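> Everything below, folded, please.
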Amino acid sequence: MFKKSLTRREALKSSLAAGSLAAIGLPLASCGRNEPDTGTPADGLAPAETGAVSVNDLAKQIRGDLLTPDSPSYDTMRKVWNGMIDRYPLAIARCRDVDDVVACVTFAHGNGIPATVRGGGHNVAGKAVRDDALIIDLSEINAINVDAPAKRAMAGGGARWASFDAATLQHDLYTTGGTVSATGIGGLTLGGGLGWLMRKHGLTCDNLVGAQVVTADGNVLTANASDNPDLYWALRGGGGNFGIVTQFEFALHDVAPLIGGIAMYPRVMLRDLFDFYRDFVVDAPDEIETQCGALLGPPGSPLEGEVAGFVAVCHAGPVEAGEALINRLKEFGPPTMDFIGPTTYGAQQTMFDAGMVVTSRNYWRSSFVTELSDDMLDLMVTRADEMPRPGSLLLVEHMGGAIARVGQNETAFANRGANFNVSILSSWMDPADDERNIAWTRATGDELKSFSEGGAYVNYMADEDAANVRAAYEANFDRLVEVKRQYDPDNFFNANQNIRP
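Numbers count the residues shown, from 1 in each chain. Prediction:
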């Protein structure tokens, strides 16, 4: 996560000019199996039989562009959403189709070159970029095709939710798709997929009905309920461990009238707000998704710079029922800022976009919990008062509903019994604030974890160790290992919340 000097880039340039990957100082026999982010060797691939190889050989095998450190757009394309990630890949392959992806996987795997995969580039841990690795970039594989009569949509592996929503809403259809429109479809889906519609229509992965997958051996497979069902099971929550999904097929649902938005309250009301929220969600119907937490009031607002409580809501269903619920929600007390009312799904999906600034520095933690205990809520209030300025967020997302009606072992996403996801999402701009923000986030996350019965949302993981990754999958972990052994026995796809074979 720390910035490297330009000597790394110059070394890459020199090695590429010399035509040999061996010149950058990585033994080809082992560089394909470094653990994510650490560079620690894992159980290795067989030594490459080709000897020294030039990455420029790959450029001749793909239709898309291959960017190297001397390419004009290299610096732009090596960046991801999280500004803390400042890494120097060996090259970036901008794939145009599934054949390009196959060529990249075959080239990298066959020559012992480490590889990462970038869909939307929105993963907080920056797994899409690694020093001295090949980025297999899917951003140009982004077509969205909607079959409205069948209520299905096909989406390229590099598409983002803004494009997906725009395409499906033309037909008055949608599916669960996160809470920030810039998020990539691939990462969100493979990690589970929390979103505004999850209590009514399930997680994003619950709406995945099929996928086209490039596996580590370069094969292109179809994964669905009848074809490679074990792979299909693992893709629904198991992350990018099993291959590169170049196309997703989703089930769609009829758009319902929406009431949504956010209301904010002063610090003095925060603890009472948490109590009210805890009671409100007890009998909340599936049609309503709510979030509650603490943040700093936005610039130019009456709460600017102050700790504030908030409730965010999305009701998708009959208008009268929604209005009754919202009126009940507002009975707590008049908010200082009230932006809740009739809206569209497109507006709801972009409501938090302004807070997810590209190049902002981010560090997150999360835990699944079954109840909001008094002790946990007291801790959240205390930690809110210590919140680093200016962009941190304590967040409670209500789960249950359709999520809980899927069996614990029906998909790789295992945390079906959790009622809430509790997260600490820290965001800032100045590198000088790194240590303070990371320390606060870690300490708060560790304390909140003590109220969890296990598990965490893998899409919110920053740098957790293997034990925490294992815990995130609970009883499904051993089965995931078996699927990993079948489809990626060499752990070629390891730039993720890794499940080692």
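
> Name the SS class of A414, please.
Here A414 takes the coil state, with states given by DSSP: H, G, I helix; E, B strand; the rest coil.

> What pLDDT is listed against M1?
At M1, the pLDDT value in this model is 36.

> Could you list everything A153 pairs with in the sheet?
Beta bridges link A153 to V146, F250, judged by DSSP bridges.

> Could you count how many residues lie near it?
For A153, the count of nearby residues is 26 (other CB atoms under 10 Å). C-beta: built from backbone N, CA, C; applies to glycine.

> Show the contacting residues for it.
I144, N145, V146, D147, F164, A167, T168, L173, T175, E249, F250, L252 (CB atoms under 8 Å, 6 or more residues apart in numbering).

> Show me which of those residues are buried.
Neighbour counting by 16 or more other CB atoms under 10 Å classes I144, V146, F164, A167, T168, L173, T175, E249, F250, L252 among these as buried.

> Just these: which are in strands?
Those of the buried ones among the contacts of A153 mapping onto strands are I144, V146, L173, E249, F250, per DSSP state E.

> Low-confidence stretches in the protein?
By pLDDT under 70, the low-scoring segments of the chain are 1-52.

> can you list the domains in it?
Listed by automatic domain parsing, the domain ranges of the chain are 6-137, 144-254+471-487, 258-465.

> So which of those domains is the most surrounded?
Highest mean neighbour count among the domains of the chain (mean count of other CB atoms under 10 Å): domain 144-254+471-487, with a mean of 21.

> Can you lay out the domains of the chain as JSON lines showing distance to P501?
Formatted as JSON lines, the domains of the chain follow (distance: least, CB to CB, whole Å):
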{"stretch": "domain 6-137", "distance to P501": "8"}
{"stretch": "domain 144-254+471-487", "distance to P501": "4"}
{"stretch": "domain 258-465", "distance to P501": "15"}
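
> out of the ones you listed, which comes closest to F493?
Of all those, domain 144-254+471-487 sits nearest to F493, with 5.7 Å by CB to CB.

> end-to-end on the closest one?
27 Å (CA to CA, to the nearest Å).

> one step back: can I get the ones in strands among the buried ones among the contacts of A153 in a markdown table including distance to G341?
Shown next, in a markdown table, are these (distance: CB to CB, whole Å):
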| residue | distance to G341 |
| --- | --- |
| I144 | 29 |
| V146 | 28 |
| L173 | 23 |
| E249 | 34 |
| F250 | 29 |
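
> Which pair in these has the greatest spatial separation?
Within these, L173 and E249 form the most distant pair, 13.7 Å apart (CB to CB).

> what's across from I288 in the sheet?
H315.

> tell me which element E323 is part of?
Secondary structure assignment for E323, by DSSP states H and E: helix 319-330.

> Give me the helices and strands touching that helix, please.
Applying 3 or more CB pairs under 8 Å, 6 or more residues apart in numbering; DSSP states H and E, one finds that helix 319-330 contacts strand 258-266, strand 288-296, strand 307-316.

> can you give me the strands for the stretch 101-250 of the chain?
With DSSP state E, counting those that start in this stretch, the ranges of strands along the stretch 101-250 of the chain come out as 115-118, 134-137, 144-147, 152-156, 173-174, 208-214, 220-223, 244-251.

> neighbouring contacts of the fifth one?
What that stands for is strand 173-174. Residues from elsewhere that reach strand 173-174, judged by CB under 8 Å, 6+ apart: V146, A148, K151, A153, D165, T168, L197, L252, H253, D254, V255, Y345.

> so which of the helices and strands packed on helix 319-330 gets nearest A418?
strand 288-296 (14.5 Å).
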